[in-house]
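1. pasting the structure only:
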């Protein structure tokens with residue numbers, strides 16, 4: 001039996017793309033309270049099924065697949081440029097394939113304007129009419145309005161006409177930045193990318209007997225199984241430690257480990273790895289927002305994912321990518337060298353504190369990999385800043401492993417610049433064994 005919350009989510013998911021929804025409408029339709037309807041709509045928005053647009057409302061949108069990460073919907077464009085919709089609201093859920101800046105004569109402009117594109121243009125009504133007839137949406141810069149005919153045309157073709165107060169250059173920069181941010185987000189490996197779904201994983205029901213664990217252990221050779229109730233919610237974990245010395249006719253819910261640690265599908269892989277290391281567990285059940293079981297992720301899945309991620313070509317660069325590229329190891333001198341580039345500085349032109357910490361973490365990572373196989377997570381990091389490192393300075397990073405065990409290591413890191421000692425750090429890390 002689905003809960004009211006789950007019924008609303010199912011109802012929203014089954015609505016046609018482009019349907020306008022509201023708290024009051026759903027509360028009336030499904031006979032639930034407005035508070036319950038509001039919570040479900042917010043979850044649907046977080047999941048990517050609906051989008052709330054200022055001065056437009058909440059509409060059902062198509063959930064973007066991961067392979068279309070570089071595409072934006074027109075609804076998102078409205079939010080990015082703080083715009084308002086003049087016409088064609090029914091097409092806000094559609095995605096744009098490219099944007100064209102209309103800074104040329106009409107005939108030349110149409111050579112670049114095609115179906116699914118977004119034409120960024122000022123108060124040029126003829127260009128707007130022509131673009132709509134070609135299947136392109138319109139973004140009018142400078143805060144201008146448009147003619148009633150263009151608005152009617154937009155409604156007929158279901159192509160949005162959006163107006164915003166920014167100039168063309170600012171708008172193009174904002175859209176470009178949004179696409180770039182999505183490229184960076186795509187690079188973050190999530191549990192959703194790696195977990196074993198429910199159809200291919202093995203689980204035990206809370207009403208089963210302990211002998212069921214022995215049967216599954218014989219078949220799959222696994223020793224840990226999530227325990228589910230009748231609603232497919234995770235209520236425990238059953239491991240070899242729980243069943244040792246127990247009567248095989250005992251109920252599973254009497255011997256299982258209750259209140260197990262779970263992860264959501266949208267949790268980052270790094271977060272899942274940290275949880276596994278910190279708690280010393282081999283398997284994590286994956287659940288949705290309502291704690292319904294989706295599948296499992298194992299330590300082997302996490303390690304494999306981390307290895308694959310390190311081999312991926314980087315599309316949108318983060319600060320960590322730049323630091324990794326800048327930090328070069330000198331085999332002869334047994335130290336790292338780098339240069340303070342403009343991307344690594346703060347508004348005063350000196351090395352940013354956050355980037356300093358990234359240099360420390362990357363130096364630790366590289367030096368420990370030379371001595372021990374496996375990945376690491378930082379547990380504690382203490383930094384003492386001495387002198388600022390200026391733009392263009394050459395950095396010398398020296399590391400000393402003070403203590404290294406099977407699970408932990410302590411590393412002393414020292415960063416010097418042309419002006420002297422920039423800072424020292426003491427780092428404690430945990431290893432993720434392969």
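-> Looks like it arrived, so ask away. Since the structure is predicted, the reported quantities are computational estimates derived from the model, not experimental observations.
2. so who does residue 157 touch?
-> Counting by Cβ atoms under 8 Å, 6 or more residues apart in numbering, residue 157 makes contact with 88, 91, 132, 133, 135. Using the backbone N, CA and C atoms, a C-beta is placed for each residue, glycine as well.
3. how does it look with 10 Å?
-> Residue 157 makes contacts with 87, 88, 90, 91, 132, 133, 134, 135, 136, 137, as judged by Cβ atoms under 10 Å, 6 or more residues apart in numbering.
4. Over to residue 57?
-> Residue 57 neighbours (Cβ under 10 Å, 6+ apart): 20, 21, 22, 51, 89, 92.
5. okay, now the third one: neighbour count?
-> Meaning residue 22. 14 (other Cβ atoms under 10 Å).
6. Give me the distance between it and residue 28.
-> Residue 22 is 9 Å from residue 28, where distance means Cβ to Cβ, to the nearest Å.
7. which residues are in contact with both of the two?
-> Common neighbours of residue 22 and residue 28 (Cβ under 10 Å, 6+ apart) are 34, 37.
8. The stretch 151-300 of the chain: strands as residue ranges?
-> Per DSSP state E, counting those that start in this stretch, the stretch 151-300 of the chain carries strands over the ranges 161-163, 196-197, 204-205, 224-228, 234-239, 257-258, 263-264, 283-287, 293-298.
9. Give me the helices and strands touching the first one, please.
-> Translated: strand 161-163. Contact here means 3 or more Cβ pairs under 10 Å, 6 or more residues apart in numbering; DSSP states H and E; on that basis strand 161-163 packs against helix 74-80, strand 84-87, strand 117-121, helix 125-133, strand 137-140, helix 148-157.
10. Could you look over the ones you listed and pick the most buried one?
-> Highest mean neighbour count among the helices and strands packed on strand 161-163 (mean count of other Cβ atoms under 10 Å): strand 137-140, with a mean of 26.
11. So which of the contacts of residue 157 is the closest to residue 197?
-> residue 91 (34.1 Å; Cβ to Cβ).
12. now for the helices and strands packed on strand 161-163, which one comes closest to residue 343?
-> Nearest to residue 343, of all those, is helix 74-80, at 23.1 Å by Cβ to Cβ.
13. Now that closest one: average pLDDT?
-> Here helix 74-80 scores 88 as its mean pLDDT.
14. tell me which strands and helices it is in contact with?
-> Against helix 74-80 (3+ Cβ pairs under 10 Å, 6+ apart) you get strand 50-53, strand 72-73, strand 84-87, strand 95-96, strand 117-121, strand 137-140, strand 161-163, helix 168-187.
15. Let me have these in a markdown table, adding distance to residue 306 as columns.
-> Conversion of these to a markdown table gives the following (distance: least, Cβ to Cβ, whole Å):
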| stretch | distance to residue 306 |
| --- | --- |
| strand 50-53 | 33 |
| strand 72-73 | 30 |
| strand 84-87 | 43 |
| strand 95-96 | 31 |
| strand 117-121 | 38 |
| strand 137-140 | 41 |
| strand 161-163 | 41 |
| helix 168-187 | 13 |
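16. Pick the most deeply packed of these.
-> Most buried among those, counting by mean count of other Cβ under 10 Å: strand 137-140, with a mean of 26.
17. so what strands line up beside it?
-> strand 117-121 (parallel), strand 161-163 (parallel) (DSSP bridges).
18. one step back: spatially, which two of the contacts of residue 157 are the most separated?
-> Across those (Cβ to Cβ), the longest gap, 18.3 Å, separates 90 and 134.
19. who has more neighbours, these two?
-> Remark: of residue 90 and residue 134, residue 90 carries more neighbours, 19 against 16, as counted by other Cβ under 10 Å.
20. Kindly provide the distance from the more buried one to residue 156.
-> Distance of residue 90 to residue 156, given as Cβ to Cβ: 10 Å.
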